[in-house]
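A.B. asks: sequence plus the predicted model coming up.
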Amino acid sequence: LLALLSGLAHSDTITLTDGTILEGEIVRETEEAIVMKVQLRAGLREEKTFPKDDVRRIHKTTVDEATFANKIAPLVPTSNRLSSSAYAKQIDGVVKPFLNAFPQSKHREEAEAILKTLEEEKALVDAGGIKISDTWLTKEQRDANAYDIDARILASEILELSEARKFAQALRAFDEFQMKFAGSDFFGDALPSVQKILDDYERTVQADLDQVDARIEQREKAFASLSASQRKAAEEDVARQATAYERRLDFEKKKRFRWLTLDPYHKRPMQDTLRQIDRVGDRLAKFDPSRIKPISEAYRKGYKSASLGRRAQTEEAIRTLQKSRAPEKYIALIEARLAEAQEAGEVVEEDSTEEERKEVESSAKEEQEDEDLDEKVDDDSKKRARTEERDSDDGRDRYVAEEDGEEGGLSATQLVLFGIMAV
């Protein structure tokens, strides 16, 4: 209950005889006057006294009203992409404690309706559903378009991180996005947003870099004002922080993080990040989305064929996805759906129609053209990679593309992306 009541914004109101309505917290009331804490601006409140002759109406907010307004009502409509555990936390940690603590609250029926909504939505999530853009998808609907939906979710997370000004995390998420979902319908649309993230991050890092010397000087002046023992303790603390930061950098470099954690007192990582931003920005500007192999449509066709029990069409779609180096997760979803159809006796060993044979022949021709393109992109990208490796400052800018821990040749999609992001 204490957690439920913590941080409540108490809002009493008084209406003056001239029609003015004031919100705040009534702290005292006498026969002659009312004393209210009134918000002047963010973080600043002031007690003001109002003669009762000037007050037409008083409304005191009860604890349960404040709790409902601040803690319960904002839970609906629910956020997109909430997990089952997030729903459980809201149900068991917020709404049920409110109903137990205030059984006679005038908001009880509203709270019970909110509880019912949360429980129903949690059941949908537990069954494999998801809420995206305020629309619910069942597990079957999600699986039928899983590749694009997962791409859409990660693209949304990138934007959310950017809006929170967590630029390094946003760009790390984009690294994952471009390796896994370059063949999605959302990839090309995401590139302008990534360019904006790069621009915002560049301004932020440059401003921080410009202030490093001033920060160090200010810190030294602060040390000078301390006693000998205090200065020793402060310097030891700074040294510990610096050591911890260096360890973190070493870890991130070993993990091949392109976007390192920055510290306001260390110039080199900031300078490296600015160079990285310039290189990636240049490649984004030159990127040609038409060279990316589309995976979204191939996945949807494959899943639909599997759902209809069409083995030959499903296997053809799987071969297409494998050639495009689609993540194994999505191939496994199609295979699992075909296995379900087989178990239900729905698999059709269909003979190819003339139209389907033509489609297969056309597909084979396109695949041969793609393989030819692969070879050309492979040569071009390898040359570029060797050049950039020679030009890198410390040799750590090489990027090795791996998918699910498997090593091997890069697909045309990955090699094109190599040209965007590899530095």
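C.D. replies: Happy to help now that I have it.

A.B. asks: contacting residues around the helix or strand containing residue 338?
C.D. replies: Element membership of residue 338 [criterion: DSSP states H and E] is helix 328-343. Residues outside helix 328-343 that contact it (C-beta atoms under 8 Å, 6 or more residues apart in numbering) are 143, 146-147, 295, 299, 302-303, 306-309, 311, 314, 317-318, 321-322, 347, 403-404. From N, CA and C alone the C-beta is placed, and that goes for glycine too.

A.B. asks: return a PyMOL selection command for the buried portion of those.
C.D. replies: Buried residues within the contacts of helix 328-343, by 16 or more other C-beta atoms under 10 Å, are selected in PyMOL with:
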select buried, resi 143+146+147+295+299+302+303+306+307+308+309+311+314+317+318+321+347+403
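
A.B. asks: which members of the contacts of helix 328-343 occur in helices, if any?
C.D. replies: Those of the contacts of helix 328-343 mapping onto helices are 143, 146-147, 299, 302-303, 306-307, 311, 314, 317-318, 321-322, per DSSP state H.

A.B. asks: which single one of those residues is nearest to residue 224?
C.D. replies: residue 147 (59.7 Å; C-beta to C-beta).

A.B. asks: quick one: the residue lying closest to residue 170 once chain neighbours are set aside from residue 78, how far?
C.D. replies: Leaving aside its sequence neighbours, residue 170 sits nearest to residue 161 (C-beta to C-beta, 6 or more residues apart in numbering; 3.8 Å). Residue 161 is 21 Å from residue 78, where distance means C-beta to C-beta, to the nearest Å.

A.B. asks: ok, now residue 261?
C.D. replies: Residue 261 is 33 Å from residue 78, where distance means C-beta to C-beta.

A.B. asks: could you do residue 85 as well?
C.D. replies: From residue 85 to residue 78 the distance is 14 Å (C-beta to C-beta).

A.B. asks: please identify which of these two sits among more neighbours.
C.D. replies: Legend: neighbour count by other C-beta atoms under 10 Å for residue 85 and residue 78, higher for residue 78 (17 against 10).

A.B. asks: part of a helix, is that one?
C.D. replies: No. Per DSSP: H, G, I helix; E, B strand; the rest coil, residue 78 lies outside any helix segment and is coil.

A.B. asks: which pLDDT value belongs to it?
C.D. replies: Looking at residue 78, its pLDDT reads 96.

A.B. asks: which residue sits closest to it in space, ignoring its chain neighbours?
C.D. replies: The shortest distance from residue 78 to any non-neighbouring residue, by C-beta to C-beta, 6+ apart, is to residue 121 (5.9 Å).

A.B. asks: state the helix or strand in which residue 28 lies.
C.D. replies: Per DSSP H and E: residue 28 is located in strand 21-29.

A.B. asks: and that strand, what does it pack onto?
C.D. replies: Counting contacts by 3 or more C-beta pairs under 8 Å, 6 or more residues apart in numbering; DSSP states H and E, strand 21-29 packs against strand 12-16, strand 33-41, strand 44-51.

A.B. asks: in it, what's buried?
C.D. replies: 22, 24, 25, 26.

A.B. asks: can you give me the strands in the stretch 51-200 of the chain?
C.D. replies: For the stretch 51-200 of the chain, applying DSSP state E, counting those that start in this stretch gives strands covering 55-59, 130-132, 135-137.

A.B. asks: closest to residue 233 out of the ones you listed?
C.D. replies: Short answer: strand 130-132, nearest of those by C-beta to C-beta, at 51.0 Å.

A.B. asks: which outside residues touch the closest one?
C.D. replies: 78, 80, 81, 82, 121, 124, 136, 137, 142, 149, 152, 153.

A.B. asks: what pairs with that strand, parallel or antiparallel?
C.D. replies: Strand 130-132 has the following strand partners under DSSP bridges: strand 135-137 (antiparallel).
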